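K.L.:
predicted structure and sequence below. I'll ask about it afterward.
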Amino acid sequence: MTRVRFAPSPTGNLHIGSVRTALFNWVFAKKSKGTLVLRIEDTDLERSKPEFEANILEGLHWLGLDFDEGPHVGGNYGPYRQSERIGLGVYQRVADEFLAKKLAYYAFETSEELDKERLDAEAKSLPYVYSRNSLKLTEAEVSEKLASGMPYVIRFRIPDGRGAVVTNDLIRGPVSFEADLLGDFVILKSDGTPTYNFAVVVDDIAMEITHVIRGEDHISNTPRQELLYEAIGAKAPEFAHLPIILGPDRSKLSKRHGAQSVSEYRDQGYLPDALVNYLSLLGWSPKDTRELLSKDELVAIFEIHQISKSGAIFDIEKLNWMNAHYIRPLSPFVLLDLVRPFLNDKQKAVFESKYTQETQLTILELVKDSLTVLPDINREVSIFTDSYDEYLEQYNGLEPGHLPMEVIRKFRDWVTQISAEIYEIDIDAVIDEILVETKLGKGKVMRPIRMACTGRASGPLLSRVLSLLGRDCLLERLKRF
RNA sequence: GGCCCCAUCGUCUAGCGGUUAGGACACCAGAUUUUCAUUCUGGCGGCCGGAGUUCGAUUCUCCGUGGGGCUACCA
C-alpha cells in the first residue's frame, strides 16, 4: 500500500512551491491508489502559527487537493502535528535508545562555541564539521554536567568509516554523499524537541510512509535521514526530489519575486484549476503534447519518471494564458458568482442596481472572453456602468480625430425617434442604412458610433452593447454632438 | 569556501546514437471579426564550451563554464 505525505511547516502562508509538492504527492497517491497524508511540521515553536496552518488548509481545500489523513480529517496514524507527537515522548524514546546503543551522545557546547567553530573553519577555508568535542568527554564528565543541570543537545553519531551514503532518487538516479562530511548533527534540541531531520524520519516510520516526494532543497538532508533509518533499523522510503521553482532571475522563488502564496493568487483572481494545471506543467510534462489537463486527466497520465531534473522559472504569462483559458468555457451563471467578489464597490453597486440578473448574465457572456484574471471584470463592466461624467472622461482620454458628424447625426436622429426599447437587430438595420446612405466603410461608421456612445474605441459587439445601454443613455450622450 | 543537483528556442518542455530537433506561452505577420478579445494559419527563435567513445553525437564519458540548492539547537 502506497502512503505519501505532504509535510508543510506552518511558518508562513501556503507557498506556490509547496503547492506543487502537494500536487505531485496528491497525484502520485491517486495514481497509485494509495493514501495521502497531511502532516504539520510545527516543531519550530517560535515561528509556527495557527493562522498559517489555517491558511495552508484553506489553500489546499481551495485547490481541490483532498487528503485521506491529516489534522483536519483524522486517521489511524496520528497525531498529525509534530508538536503533539512531542508530548507523547516518541522522539525522546528513540533518542534514548540511540544513547543506550551509543548511536548518539550528549553535547554541551553553547551556540556561541559552535559559532566560533564555524568561524574558525571558515577562516581556514576548511569545510565545517562539528568538532566532536563532547564525544571526547568521559562518562563521569557527562554525568556530572547532566547532574549540574547544564543544557545539552543530543547529537547523532555518524558511523565511523561508513563511506558513501547512496540514495536512489526516483527522479535523479543514484545520489551519493560522503558520510564523514556530514558531521554529527543534532537530533534533539536543548528544549527537548526534535530537529527536522530526526522528526521527519521518526514520523515517516510511524506513519508508514513509502514514498517521500519533496523539493530539491531537501536533497542534502537525505543522507542524514538514510543514516537515521539505518540506526533505527527501518527500511527507508523511496525518495523523489522535485526540481525547485525559480523566479525570473533564476533564484529560488521568494517574496521579492512578487506573489508567492496561494491566497495571493486567489485574491488576484486566478482559478484553482488553472493554477493546478499550470503548476503540474512546471517540471513535469505528459508523454503527448497536451497541456490543458484536468486533475482527473493528470492522474490518468501522470508518470513520476517524466518529472524533469532542472529548476523551472515560474512564468506568469503562461499562467495568465491558462487562466483565461479556464475562464472562457464557464457559464455566465457560474462566472457571475466567481466575479462578484472582485467587483469594486462602485461597480458592484451600479451593476447590480442598474441591471436585472438576466441582463448581468448577458453582459458577462459578452465580456468573458476578454478576461485574463477575475478582477478584469471591473474594466469590462465599466462600459455598462459608466455615469455620464465617467463616459466623458473615457471619451476625452481618446484621440478620436474628427468624427464624421454626418454618421453621428444620422444615428442620433434615429435614436431620438425611437420611443421604447432599442433592439439589436434594429441597430444593425440602421447601421446598414447609414452605410448605404453615406457610402462609407463599416469601420468608418461603426467606430465613430462606438466612440460617441461609449467613449471607447473598442469593446464587445456594438449593437448588443448599445441595446444594453438603452435609449435614454444613448440620447443623453448623443445630444452633445 | 565545501558538498550536492542541474544545463535543448526569451520561458515551460519533448527527445532516451542516425529527427527537416517536436509542442506550448510570449513575440511578429496574415485570415476571420465593425473594433478589441477569441479562433485559425504562418513566421521568428534552441541543443553552453572542449576533449573523448562511435561509422555517426543534442543524446554516452570526462573536464571546463554557467546556474541553482544546501551548508542551524529552521523546516
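P.N.:
It's in.
K.L.:
show me what the lowest-mean-pLDDT helix or strand in chain A packs onto, helices and strands only.
P.N.:
Here the helix or strand of chain A ranked lowest by mean pLDDT, DSSP states H and E is helix A:388-397, holding a mean of 85. The contact analysis (3 or more Cβ pairs under 8 Å, 6 or more residues apart in numbering; DSSP states H and E) places helix A:388-397 against helix A:442-454, helix A:471-478. Using the backbone N, CA and C atoms, a C-beta is placed for each residue, glycine as well.
K.L.:
does any bit of stretch A:242-256 sit next to RNA strand B?
P.N.:
Yes: using Cβ under 7 Å from any atom of the strand as the criterion, contacts between stretch A:242-256 and RNA strand B involve A:243-244, A:246, A:249-252.
K.L.:
so where's chain A shaky on pLDDT?
P.N.:
A:398-402 (pLDDT under 70).
K.L.:
how is it divided into domains?
P.N.:
By the assignment in automatic domain parsing, chain A contains the domains A:89-242, A:332-385, A:395-478.
K.L.:
format those domains as CSV; extra columns: mean neighbour count.
P.N.:
What follows is those, written out as CSV (neighbours: other Cβ atoms under 10 Å):
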stretch, mean neighbour count
domain A:89-242, 16
domain A:332-385, 17
domain A:395-478, 16
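K.L.:
can you lay out those as CSV showing distance to residue A:298?
P.N.:
Conversion of the domains of chain A to CSV gives the following (distance: least, Cβ to Cβ, whole Å):
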stretch, distance to residue A:298
domain A:89-242, 15
domain A:332-385, 22
domain A:395-478, 34
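K.L.:
backbone phi and psi for residue A:174, please?
P.N.:
Here the main-chain torsion angles of residue A:174 (degrees, to the nearest 10) amount to phi -70, psi 130.
K.L.:
doesn't residue A:164 make contact with it?
P.N.:
No: applying Cβ atoms under 8 Å as the test, residue A:174 and residue A:164 come out as separate, 9.7 Å apart.
K.L.:
in contact with residue A:291, which residues?
P.N.:
A:277, A:281 (Cβ atoms under 8 Å, 6 or more residues apart in numbering).
K.L.:
same check on residue A:259?
P.N.:
For residue A:259, the residues meeting the contact criterion (Cβ under 8 Å, 6+ apart) are A:16, A:265, A:268.
K.L.:
by neighbour count, which of these wins?
P.N.:
residue A:265 (26 neighbours; other Cβ atoms under 10 Å).
K.L.:
just checking, that one touches residue A:19?
P.N.:
No: using Cβ under 8 Å, residue A:265 is not in contact with residue A:19; the gap is 9.2 Å.
K.L.:
list residues touching both of the two?
P.N.:
For the pair residue A:265 and residue A:19, residues contacting each of them under the criterion Cβ under 8 Å, 6+ apart are residue A:275.
K.L.:
any idea what residue A:165 is bridged to?
P.N.:
According to DSSP bridges, the residues that bridge with residue A:165 are residue A:177.
K.L.:
didn't it look like it was pressed against residue A:176?
P.N.:
Yes: the criterion here is Cβ under 8 Å, and residue A:165 meets it with residue A:176 at 7.1 Å.
K.L.:
how about the residues of the stretch 351-481 of chain A that lie near RNA strand B?
P.N.:
A:369-370, A:442-443, A:446-447, A:450, A:457-463.
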